[in-house]
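Asks: A structural model of the following input is requested.
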Amino acid sequence: MHIVVCIKQVPDSGQIRVHPVTNTIMRQGVPTIINPYDLFALEEALRLRDKFGGEVTVLTMGPPMASDSLRKALTFGADRAVLLTDRFFAGSDTLATSFALASAIAKIGETFGPPDVVFTGKQTIDGDTAQVGPGIAKRLNLLQLTYVAKIAELDLDGRSITIERRAEGGVQVLKTRLPCLITMLEATNEMRRGSMDDALRAARAEIVTWSAAEAGIEDMTKCGLRGSPTVVKRVFAPGARAEKAALVDLSGKDAGAAADALIDAVFARTPTLEADMARLSAGF
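Replies: Numbering: from 1, shown residues only. Reported below is the predicted structural model:
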(Lines give C-alpha, C1' and ligand atoms only; values in the text may rest on other atoms or scores of the structure.)
Protein backbone atom coordinates (compact mmCIF):
# COMPACT_ATOMS: atom_id res chain seq x y z
CA MET A 1 0.00 0.00 0.00
CA HIS A 2 1.35 3.42 -0.95
CA ILE A 3 -0.02 6.60 0.65
CA VAL A 4 0.93 10.15 -0.31
CA VAL A 5 0.39 12.96 2.19
CA CYS A 6 0.52 16.59 1.05
CA ILE A 7 1.73 18.98 3.72
CA LYS A 8 2.54 22.67 3.75
CA GLN A 9 4.99 24.76 5.74
CA VAL A 10 3.12 27.81 7.03
CA PRO A 11 3.84 30.78 9.32
CA ASP A 12 2.89 30.20 12.94
CA SER A 13 -0.50 31.93 13.06
CA GLY A 14 -0.02 32.74 16.73
CA GLN A 15 2.82 35.09 15.87
CA ILE A 16 1.65 36.66 12.60
CA ARG A 17 1.23 40.42 12.58
CA VAL A 18 -0.38 42.77 10.05
CA HIS A 19 1.55 45.87 9.00
CA PRO A 20 -0.32 48.93 10.31
CA VAL A 21 0.32 50.97 7.14
CA THR A 22 0.35 48.51 4.24
CA ASN A 23 -2.16 46.07 5.79
CA THR A 24 -0.04 43.14 4.57
CA ILE A 25 1.04 40.11 6.58
CA MET A 26 4.48 40.56 8.15
CA ARG A 27 6.28 37.23 7.71
CA GLN A 28 9.77 38.39 8.65
CA GLY A 29 10.97 36.76 11.83
CA VAL A 30 7.85 34.59 12.12
CA PRO A 31 8.66 30.90 12.77
CA THR A 32 7.21 28.29 10.43
CA ILE A 33 5.37 25.08 11.31
CA ILE A 34 3.64 22.22 9.53
CA ASN A 35 0.09 23.27 8.76
CA PRO A 36 -1.81 21.88 11.78
CA TYR A 37 -4.62 20.39 9.67
CA ASP A 38 -2.05 18.41 7.67
CA LEU A 39 -0.87 16.66 10.83
CA PHE A 40 -4.27 14.96 11.16
CA ALA A 41 -3.86 13.71 7.59
CA LEU A 42 -0.33 12.49 8.29
CA GLU A 43 -1.33 10.63 11.46
CA GLU A 44 -4.23 8.92 9.68
CA ALA A 45 -1.90 7.85 6.87
CA LEU A 46 0.60 6.44 9.37
CA ARG A 47 -2.15 4.49 11.13
CA LEU A 48 -3.20 2.91 7.84
CA ARG A 49 0.42 2.07 7.05
CA ASP A 50 0.90 0.52 10.47
CA LYS A 51 -2.22 -1.61 10.03
CA PHE A 52 -1.94 -2.66 6.40
CA GLY A 53 1.76 -2.21 5.64
CA GLY A 54 3.27 -0.22 2.81
CA GLU A 55 4.87 3.21 2.63
CA VAL A 56 3.94 6.81 3.39
CA THR A 57 5.41 9.52 1.17
CA VAL A 58 5.12 13.15 2.30
CA LEU A 59 5.11 15.87 -0.35
CA THR A 60 5.36 19.63 -0.11
CA MET A 61 5.84 22.52 -2.50
CA GLY A 62 7.84 25.50 -1.34
CA PRO A 63 11.27 27.08 -0.98
CA PRO A 64 14.28 24.95 0.02
CA MET A 65 13.64 25.76 3.70
CA ALA A 66 10.39 23.75 3.45
CA SER A 67 12.61 20.67 3.81
CA ASP A 68 12.52 21.38 7.57
CA SER A 69 8.84 20.44 7.66
CA LEU A 70 9.51 17.33 5.62
CA ARG A 71 12.17 16.19 8.09
CA LYS A 72 9.72 16.82 10.90
CA ALA A 73 7.23 14.56 9.13
CA LEU A 74 9.95 11.91 8.83
CA THR A 75 10.51 12.05 12.59
CA PHE A 76 6.84 11.09 13.04
CA GLY A 77 7.41 7.95 10.98
CA ALA A 78 6.89 8.83 7.30
CA ASP A 79 9.00 6.68 4.99
CA ARG A 80 9.92 9.17 2.27
CA ALA A 81 9.89 12.93 1.69
CA VAL A 82 9.63 14.81 -1.61
CA LEU A 83 10.23 18.55 -1.96
CA LEU A 84 8.91 20.33 -5.04
CA THR A 85 10.83 23.57 -5.31
CA ASP A 86 11.41 25.96 -8.20
CA ARG A 87 11.37 29.72 -8.68
CA PHE A 88 8.59 29.21 -11.24
CA PHE A 89 6.24 28.28 -8.37
CA ALA A 90 6.55 31.68 -6.65
CA GLY A 91 3.20 33.43 -6.22
CA SER A 92 1.09 30.33 -6.88
CA ASP A 93 -2.58 30.50 -5.98
CA THR A 94 -4.71 27.41 -5.32
CA LEU A 95 -5.16 26.69 -9.04
CA ALA A 96 -1.42 26.74 -9.79
CA THR A 97 -0.59 24.92 -6.55
CA SER A 98 -2.98 22.05 -7.26
CA PHE A 99 -1.54 21.75 -10.77
CA ALA A 100 2.05 21.53 -9.48
CA LEU A 101 1.21 19.08 -6.69
CA ALA A 102 -0.86 16.89 -9.00
CA SER A 103 2.09 16.76 -11.42
CA ALA A 104 4.42 15.80 -8.56
CA ILE A 105 2.04 13.07 -7.33
CA ALA A 106 1.91 11.64 -10.86
CA LYS A 107 5.73 11.64 -10.88
CA ILE A 108 5.78 9.97 -7.45
CA GLY A 109 3.50 7.28 -8.83
CA GLU A 110 5.85 6.65 -11.74
CA THR A 111 8.95 6.63 -9.50
CA PHE A 112 7.84 4.93 -6.29
CA GLY A 113 4.58 3.25 -7.23
CA PRO A 114 1.06 4.61 -7.74
CA PRO A 115 -0.63 5.83 -4.54
CA ASP A 116 -3.70 4.05 -3.22
CA VAL A 117 -4.73 7.07 -1.13
CA VAL A 118 -3.73 10.72 -1.23
CA PHE A 119 -4.25 12.63 2.03
CA THR A 120 -4.41 16.36 2.67
CA GLY A 121 -5.61 18.48 5.57
CA LYS A 122 -9.01 20.09 5.09
CA GLN A 123 -7.33 23.48 4.51
CA THR A 124 -4.30 25.56 5.48
CA ILE A 125 -4.19 28.20 8.19
CA ASP A 126 -2.58 30.80 5.92
CA GLY A 127 -4.97 30.49 2.98
CA ASP A 128 -8.11 28.87 4.49
CA THR A 129 -9.52 28.11 1.02
CA ALA A 130 -9.85 24.29 1.25
CA GLN A 131 -9.46 24.24 -2.54
CA VAL A 132 -6.10 22.53 -3.10
CA GLY A 133 -7.16 19.01 -2.08
CA PRO A 134 -10.22 18.89 -4.36
CA GLY A 135 -8.14 20.57 -7.09
CA ILE A 136 -5.56 17.78 -6.94
CA ALA A 137 -8.31 15.15 -7.06
CA LYS A 138 -9.86 16.75 -10.14
CA ARG A 139 -6.55 16.95 -11.99
CA LEU A 140 -5.62 13.34 -11.18
CA ASN A 141 -9.16 12.07 -11.80
CA LEU A 142 -9.37 10.73 -8.25
CA LEU A 143 -12.57 10.22 -6.28
CA GLN A 144 -12.55 12.72 -3.43
CA LEU A 145 -13.80 12.43 0.15
CA THR A 146 -13.71 15.78 1.93
CA TYR A 147 -14.10 16.70 5.62
CA VAL A 148 -13.50 13.12 6.69
CA ALA A 149 -13.82 12.50 10.43
CA LYS A 150 -13.12 8.75 10.52
CA ILE A 151 -11.96 5.94 8.26
CA ALA A 152 -14.34 3.14 9.13
CA GLU A 153 -13.04 0.39 6.86
CA LEU A 154 -10.39 -0.19 4.21
CA ASP A 155 -10.58 -3.23 1.94
CA LEU A 156 -7.38 -3.52 -0.08
CA ASP A 157 -8.47 -6.74 -1.80
CA GLY A 158 -11.78 -5.24 -2.82
CA ARG A 159 -10.13 -1.86 -3.52
CA SER A 160 -12.68 0.09 -1.49
CA ILE A 161 -12.76 2.44 1.49
CA THR A 162 -15.58 3.43 3.84
CA ILE A 163 -15.44 6.71 5.75
CA GLU A 164 -17.52 8.93 7.99
CA ARG A 165 -17.82 12.46 6.71
CA ARG A 166 -19.00 15.32 8.87
CA ALA A 167 -21.80 17.15 7.10
CA GLU A 168 -24.32 19.83 7.88
CA GLY A 169 -26.94 18.29 10.10
CA GLY A 170 -25.18 15.00 10.78
CA VAL A 171 -22.63 12.45 9.60
CA GLN A 172 -22.50 10.82 6.18
CA VAL A 173 -21.16 7.29 5.74
CA LEU A 174 -19.65 6.97 2.27
CA LYS A 175 -18.00 4.10 0.47
CA THR A 176 -15.92 4.48 -2.67
CA ARG A 177 -13.26 2.69 -4.64
CA LEU A 178 -9.51 3.21 -4.53
CA PRO A 179 -7.50 5.19 -5.43
CA CYS A 180 -9.02 8.28 -3.84
CA LEU A 181 -8.13 11.58 -2.20
CA ILE A 182 -9.14 12.31 1.40
CA THR A 183 -9.11 15.65 3.22
CA MET A 184 -9.07 15.13 6.99
CA LEU A 185 -10.92 17.21 9.54
CA GLU A 186 -9.27 18.59 12.64
CA ALA A 187 -9.47 16.77 16.01
CA THR A 188 -9.95 13.40 14.31
CA ASN A 189 -6.86 11.85 15.88
CA GLU A 190 -3.82 12.75 17.96
CA MET A 191 -0.38 13.09 16.38
CA ARG A 192 2.00 10.48 17.73
CA ARG A 193 5.36 11.20 19.31
CA GLY A 194 8.15 10.20 16.98
CA SER A 195 10.55 7.51 18.12
CA MET A 196 14.27 8.04 18.61
CA ASP A 197 14.97 5.73 15.67
CA ASP A 198 12.75 7.82 13.41
CA ALA A 199 14.39 11.04 14.61
CA LEU A 200 17.86 9.68 13.80
CA ARG A 201 16.65 8.40 10.44
CA ALA A 202 15.08 11.76 9.60
CA ALA A 203 18.30 13.61 10.43
CA ARG A 204 20.31 11.66 7.89
CA ALA A 205 17.55 11.04 5.33
CA GLU A 206 17.93 12.36 1.80
CA ILE A 207 15.04 14.59 0.79
CA VAL A 208 14.01 13.87 -2.79
CA THR A 209 14.09 17.31 -4.41
CA TRP A 210 12.49 18.02 -7.77
CA SER A 211 12.37 21.14 -9.89
CA ALA A 212 9.38 21.81 -12.12
CA ALA A 213 11.07 20.06 -15.02
CA GLU A 214 12.10 17.08 -12.90
CA ALA A 215 8.48 16.71 -11.73
CA GLY A 216 7.42 16.40 -15.36
CA ILE A 217 5.87 19.86 -15.67
CA GLU A 218 6.20 21.03 -19.25
CA ASP A 219 3.73 23.94 -19.40
CA MET A 220 5.22 26.61 -17.12
CA THR A 221 2.37 29.00 -17.89
CA LYS A 222 0.26 26.98 -15.43
CA CYS A 223 2.73 27.59 -12.58
CA GLY A 224 3.40 30.53 -10.28
CA LEU A 225 1.99 33.97 -10.96
CA ARG A 226 1.43 33.24 -14.66
CA GLY A 227 -0.84 30.34 -13.79
CA SER A 228 -2.63 32.13 -10.95
CA PRO A 229 -5.78 34.08 -11.86
CA THR A 230 -6.48 34.92 -8.22
CA VAL A 231 -5.66 38.50 -7.22
CA VAL A 232 -5.46 39.50 -3.54
CA LYS A 233 -6.60 43.10 -3.42
CA ARG A 234 -6.03 43.75 0.26
CA VAL A 235 -5.20 41.98 3.52
CA PHE A 236 -6.45 43.67 6.67
CA ALA A 237 -6.93 43.05 10.35
CA PRO A 238 -10.53 43.20 11.59
CA GLY A 239 -11.33 46.25 13.67
CA ALA A 240 -12.11 46.09 17.34
CA ARG A 241 -15.77 45.47 18.15
CA ALA A 242 -17.51 48.38 19.81
CA GLU A 243 -20.21 46.17 21.34
CA LYS A 244 -19.37 44.93 24.81
CA ALA A 245 -20.19 41.58 26.32
CA ALA A 246 -23.30 41.41 28.50
CA LEU A 247 -23.31 39.98 32.01
CA VAL A 248 -26.23 37.68 32.82
CA ASP A 249 -26.79 36.99 36.50
CA LEU A 250 -27.56 33.28 36.96
CA SER A 251 -27.00 33.08 40.69
CA GLY A 252 -29.59 31.03 42.54
CA LYS A 253 -31.05 29.50 39.38
CA ASP A 254 -31.18 25.80 38.60
CA ALA A 255 -30.01 24.46 35.24
CA GLY A 256 -33.37 24.88 33.50
CA ALA A 257 -33.94 28.41 34.75
CA ALA A 258 -30.37 29.38 33.89
CA ALA A 259 -30.79 28.10 30.34
CA ASP A 260 -34.07 30.04 29.97
CA ALA A 261 -32.42 33.20 31.27
CA LEU A 262 -29.53 32.89 28.81
CA ILE A 263 -31.88 32.32 25.87
CA ASP A 264 -34.01 35.31 26.87
CA ALA A 265 -30.90 37.48 27.13
CA VAL A 266 -29.72 36.43 23.65
CA PHE A 267 -33.12 37.11 22.10
CA ALA A 268 -33.29 40.48 23.85
CA ARG A 269 -29.96 41.56 22.33
CA THR A 270 -30.82 40.26 18.85
CA PRO A 271 -34.55 40.91 18.31
CA THR A 272 -34.69 39.25 14.87
CA LEU A 273 -32.95 36.03 15.90
CA GLU A 274 -36.02 34.21 17.19
CA ALA A 275 -37.99 34.90 14.01
CA ASP A 276 -35.02 33.87 11.85
CA MET A 277 -34.65 30.59 13.72
CA ALA A 278 -38.38 29.85 13.40
CA ARG A 279 -38.23 30.50 9.67
CA LEU A 280 -35.23 28.20 9.24
CA SER A 281 -36.90 25.46 11.29
CA ALA A 282 -39.99 25.67 9.12
CA GLY A 283 -37.82 25.01 6.07
CA PHE A 284 -36.66 21.58 7.31
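Asks: now for this structure, the helix or strand with the poorest mean pLDDT.
Replies: One helix or strand of the chain scores below all others by mean pLDDT, DSSP states H and E: strand 25-26, with a mean of 66.
Asks: neighbours around residue 89, how many?
Replies: Here the neighbour count serves as a burial measure; for residue 89 (other CB atoms under 10 Å) it reads 23. In short, each C-beta sits where N, CA and C put it, glycine included.
Asks: just residue 146 next, same as before
Replies: 18.
Asks: how about the residue lying farthest from the centre of the chain, secondary structure?
Replies: Distance from the centre of the chain peaks at residue 252, with 45.6 Å (CA atoms, centre = their mean). The three-state label for residue 252, taken from DSSP: H, G, I helix; E, B strand; the rest coil, comes out as coil.
Asks: so how far is residue 261 from it?
Replies: Taken as CB to CB, to the nearest Å, the spacing of residue 252 relative to residue 261 amounts to 11 Å.
Asks: for residue 64, same thing?
Replies: Using CB to CB, one gets 58 Å for the distance from residue 64 to residue 261.
Asks: between those two, who's got more neighbours?
Replies: Per other CB under 10 Å, whichever of residue 64 and residue 261 has more neighbours is residue 261, with 14 against 10.
Asks: next SSE downstream of the helix or strand hosting that one?
Replies: Element membership of residue 261 [criterion: DSSP states H and E] is helix 255-269. Past helix 255-269, further along toward the C-terminus, the next helix or strand under DSSP H and E is helix 273-283.
Asks: partner strands of the one helix or strand residue 181 maps to and their direction?
Replies: Secondary-structure assignment from DSSP H and E places residue 181 in strand 180-184. Taking DSSP bridges as the criterion, strand 180-184 sits next to strand 117-121 (parallel), strand 143-155 (parallel) in its sheet.
Asks: list the buried residues in the following helix or strand past the first one.
Replies: The reference is to strand 117-121. Later in the chain than strand 117-121, the nearest helix or strand by DSSP H and E is helix 132-140. Going by neighbour count (16 or more other CB atoms under 10 Å), the buried part of helix 132-140 is 132, 133, 134, 135, 136, 137, 139, 140.
Asks: what comes into contact with the following helix or strand past the least confident helix or strand of the chain?
Replies: Read in the C-terminal direction, the helix or strand following strand 25-26 is strand 32-34, with elements assigned using DSSP H and E. Outside of strand 32-34, the residues within contact range by CB atoms under 8 Å, 6 or more residues apart in numbering are 7, 8, 9, 10, 11, 12, 42, 65, 68, 69, 72, 73.
Asks: quick one: neighbours of the closest residue to the second one other than its chain neighbours, just the number.
Replies: Spelled out, that is residue 8. Counting by CB to CB, 6 or more residues apart in numbering, residue 8 lies nearest to residue 35, which is 4.5 Å off, once chain neighbours are set aside. In terms of burial, residue 35 registers 24 neighbours under the definition other CB under 10 Å.
Asks: got it, and the one 10 residues further on?
Replies: Residue 45 has 28 neighbouring residues, counting by other CB under 10 Å.
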